[in-house]
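Participant: fold the following, please.
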Amino acid sequence: MKNLRDKVVVITGAGSGIGRALALDLAGRGAQLALSDVDEAGLAGTVELARAAGALAVRGDRLDVADRAAFEAYAATVVEHFGRVNVVVNNAGVALAGNLVDLEYEDIDWIIGVNFWGVVHGTKAFLPHLIASGDGHVVNISSLFGLISMPGQSMYNAAKYAVRGMTEALREEMLVAGHPVGVTCVHPGGIKTAIARNARVSAREDQARTARLFDEKLARMTPEKAASIIVRGITRNQARVLVGVDAHALHHLAKLTGSRYQDLVARSAKRVLPQDVTVV
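Facilitator: Numbers count the residues shown, from 1 in each chain. I've put the predicted structure just below:
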């Protein structure tokens with residue numbers, strides 16, 4: 001897929017951050033956009049901006065990606081509206097900070113529902129239509145934390161590792177079957193979004209300090225730059241896209257040190273992080 005002009009692109013979590021940046025990047029390339037988010041105000045803003053940026057057509061729908069029935073109904077509506085779907089970007093995501101022993105099951109269900117099941121729902125619901133398009137692509141947003149693990153991020157790690165495993169297997173399945181569908185797994189590092197400010201935390205965590213650490217120390221890349229890298233990965237049919245210097249550096253550290261990276265991370269976290277703050 002070298003040219004995204006007139007392609008019908010579905011983006012979840014499009015109300016802000018990487019999702020909005022992707023929508024505007026693709027709008028400028030003349031794509032048709034099906035955008036969704038649970039944040040209706042943010043979504044409406046993205047729809048307006050995408051139209052102004054040159055999208056050939058834009059549709060916005062409120063969608064909770066964790067709701068399977070709602071997602072299946074949404075997919076049917078999008079296909080009926082546009083007549084086809086060429087690209088699906090499963091971008092919607094949330095964060096949950098805290099040591100596993102302190103987490104509540106309600107919050108665990110919430111993050112797995114959005115970060116893992118939301119990606120499964122989006123992939124399953126649209127995959128037959130991507131195959132039928134003759135020129136399809138699945139883009140699933142994992143994370144740097146889908147490549148390495150961090151203390152205080154057990155459930156975020158679990159969901160993002162699961163997204164990576166499913167996406168890589170899906171790419172293999174498409175190649176074995178000879179289906180005309182590219183598959184890309186994306187691993188962003190620290191991107192300047194509101195994910196930390198909107199995160200849930202355990203009762204032992206200081207949410208404000210956790211968000212401030214992410215915003216001031218870890219989030220280095222703009223969503224616009226991240227979107228540009230992701231779109232380039234689509235046009236090149238890359239299997240894996242690392243976004244950010246931190247993603248590249250820590251991924252290579254883990255490859256060089258093997259499982260010993262866990263000891264290095266634990267020592268660094270114990271020395272650097274306050275007791276009531278974890279990395280989001």
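
Participant: what's the longest helix along the chain in contact with?
Facilitator: Looking across the chain with DSSP state H, the single longest helix is helix 154-177. With C-beta atoms under 8 Å, 6 or more residues apart in numbering as the test, helix 154-177 has contacts from 95-97, 99-100, 103, 107-108, 111-112, 115-116, 119-120, 123, 138, 140-143, 145-147, 149-150, 181-185, 187, 239, 280. All C-beta atoms are positioned from the backbone trio N, CA, C, and that covers glycine.

Participant: run the last query once more with 7 Å
Facilitator: Contact with helix 154-177 is made by 95-96, 100, 103, 108, 111-112, 115-116, 119-120, 123, 138, 140, 142-143, 145-146, 149-150, 181, 183, 185, 239, as judged by C-beta atoms under 7 Å, 6 or more residues apart in numbering.

Participant: next one: stretch 93-104
Facilitator: 13, 107, 111, 114-115, 141, 152-156, 195-196, 198-205, 210, 278, 280.

Participant: returning to that earlier point: now restrict the contacts of helix 154-177 to buried residues only.
Facilitator: Among these, those buried by neighbour count (16 or more other C-beta atoms under 10 Å) are 95-96, 103, 108, 111-112, 115-116, 119-120, 123, 138, 140, 142-143, 145-146, 149-150, 181, 183, 185.

Participant: show me where the protein dips below the pLDDT cut-off.
Facilitator: For the chain, the stretches with pLDDT under 70 are 214-217, 219, 271-280.

Participant: what about the contacts of helix 154-177, which are in strands?
Facilitator: Mapping the contacts of helix 154-177 onto strands (DSSP state E) picks out 96, 138, 140, 181, 183, 185.

Participant: can you report how many residues lie near the residue lying closest to the third one once chain neighbours are set aside?
Facilitator: Yep, that's residue 140 we're talking about. Using C-beta to C-beta, 6 or more residues apart in numbering and skipping residues adjacent in sequence, the residue nearest residue 140 is residue 167, 4.4 Å away. When neighbours are counted by other C-beta atoms under 10 Å, residue 167 registers 25.

Participant: would you map the strands across the protein?
Facilitator: 8-11, 32-37, 57-62, 87-90, 96-97, 136-141, 181-188, 200-201, 240-243.

Participant: export those to TSV and append columns for distance to residue 220.
Facilitator: As requested, those are exported to TSV (distance: least, C-beta to C-beta, whole Å):
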stretch	distance to residue 220
strand 8-11	23
strand 32-37	24
strand 57-62	30
strand 87-90	22
strand 96-97	19
strand 136-141	18
strand 181-188	11
strand 200-201	22
strand 240-243	11
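
Participant: please identify which of the ones you listed is closest to residue 81.
Facilitator: For these, the distance to residue 81 is smallest for strand 57-62, at 6.0 Å, taking C-beta to C-beta.

Participant: what angle sits between the closest one and strand 32-37?
Facilitator: 20 degrees (axes from the mean of the first three to the mean of the last three C-alpha atoms, to 10 degrees).

Participant: which strands or helices does strand 57-62 pack on?
Facilitator: Judged by 3 or more C-beta pairs under 7 Å, 6 or more residues apart in numbering; DSSP states H and E, the packing partners of strand 57-62 are strand 32-37, helix 40-53.

Participant: again, 8 Å this time
Facilitator: Strand 57-62 sits against strand 32-37, helix 40-53, helix 68-82, with contacts defined as 3 or more C-beta pairs under 8 Å, 6 or more residues apart in numbering; DSSP states H and E.

Participant: paired strands for the first one, with orientation please.
Facilitator: Read that as strand 32-37. Its sheet considered, strand 32-37 pairs with strand 8-11 (parallel), strand 57-62 (parallel) by DSSP bridges.

Participant: how big is the angle separating it from helix 40-53?
Facilitator: 160 degrees.
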